[in-house]
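> for reference, the sequence and a predicted model appear below.
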Amino acid sequence: MPKKNRAYKKGAPHRDARLFVIVAEGKREDQYFSWFNEKNQRIKVSIVPREQNRSAPTHFLSRVGSFIKAGGWNPEDGDQLWFVLDVDKWQREEIENLRIACESNPNWGIAISNPCFEVWLLFHIRKSIPDNGEGCGSLKQMLHRNVPGGYDKDPFCEKIELASQNSRAADNNPRGHFPDRMMTKLYQLAEEIIQTLGANWK
């Protein structure tokens, strides 16, 4: 969950929609979270574009800096900014530096999947994911084997509440930011989105 800054509780003008800014590594993540954009008047999702397809954590902060300077995000309105990333390509130190930056900025959060985003997607249809040493390629194959006709974001996004419940229940260290293998912290972001959407949003 992003760090809150209590100084922002008063004095800001009301805005109907809460903005969720997503900084992610790949197109599949972009498409998934974009699906929730303006599902109702309470929410707006904005995807920060990648700079020349650079997706490493070291580039994330520069992407965010440019976006904030353009005036697209305001913590005074309760907006949240989330970094969505995997651990299959990046050094732990890179991820840790990004986490420290999140702790230093109000309403910033980090949501990690280990080893990749497909873990989060699998929790839409499974309560647990066995760790048989598979890499991301095998997890993508597992996803397609379990979904007749292959992955389609529409029915998956509609099950965000189920995925959130399944992945939270499977997490043995909910207070930590770094998930074990075949685990994900994306439910923390999902819970914020679900709360903002409110009841009967589908």
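All right, it came through fine. Numbering: from 1, shown residues only.
> so which residue is smack in the middle of this protein?
What sits nearest the mean C-alpha location of the chain, by C-alpha atoms, centre = their mean, is Val84, with 4.4 Å.
> so which elements touch whichever strand or helix holds Ile110?
Taking DSSP states H and E as the definition, one finds Ile110 inside strand 108-114. Packing contacts for strand 108-114, counted by 3 or more C-beta pairs under 8 Å, 6 or more residues apart in numbering; DSSP states H and E, involve strand 80-86, helix 92-103, strand 183-184, helix 186-197. Backbone N, C-alpha and C define where each C-beta goes, glycine included.
> quick check: phi and psi at the spatially closest residue to Phe36 that is not a sequence neighbour.
The spatial neighbour of Phe36 that comes closest, neighbours along the chain excluded (C-beta to C-beta, 6 or more residues apart in numbering), is Val45 at 5.3 Å. Dihedral pair for Val45: phi -110, psi 130, per degrees, to the nearest 10.
> show me the beta-bridge partners of Val45.
Beta bridges link Val45 to Phe20, judged by DSSP bridges.
> that one and Lys39, how far apart?
9 Å (C-beta to C-beta, to the nearest Å).
> looking only at neighbour counts, state which of those two leads.
Val45 (20 against 17; other C-beta atoms under 10 Å).
> which strands and helices lie in contact with the lowest-mean-pLDDT helix or strand in the chain?
Ranked by mean pLDDT, DSSP states H and E, the weakest helix or strand in the chain is helix 57-69, scoring a mean of 77. Here helix 57-69 touches strand 18-24, strand 80-86, helix 92-103, going by 3+ C-beta pairs under 8 Å, 6+ apart.
> for the second one, which positions count as buried?
By neighbour count with 16 or more other C-beta atoms under 10 Å, strand 80-86 contains the buried residues Gln80, Leu81, Trp82, Phe83, Val84, Leu85, Asp86.
> you'd agree the fifth one is up against Gln188?
No - between Val84 and Gln188 there is no contact, the gap being 10.8 Å when judged by C-beta atoms under 8 Å.
> quickly list what's touching both of these two.
Ala111 (C-beta atoms under 8 Å, 6 or more residues apart in numbering).
> residues near the spatially closest residue to Lys140 that is not a sequence neighbour, how many?
Spatial nearest neighbour of Lys140, chain neighbours left out: Glu118 (5.4 Å); criterion: C-beta to C-beta, 6+ apart. The local packing of Glu118 (other C-beta under 10 Å) involves 25 other residues.
> noted, bye for now.
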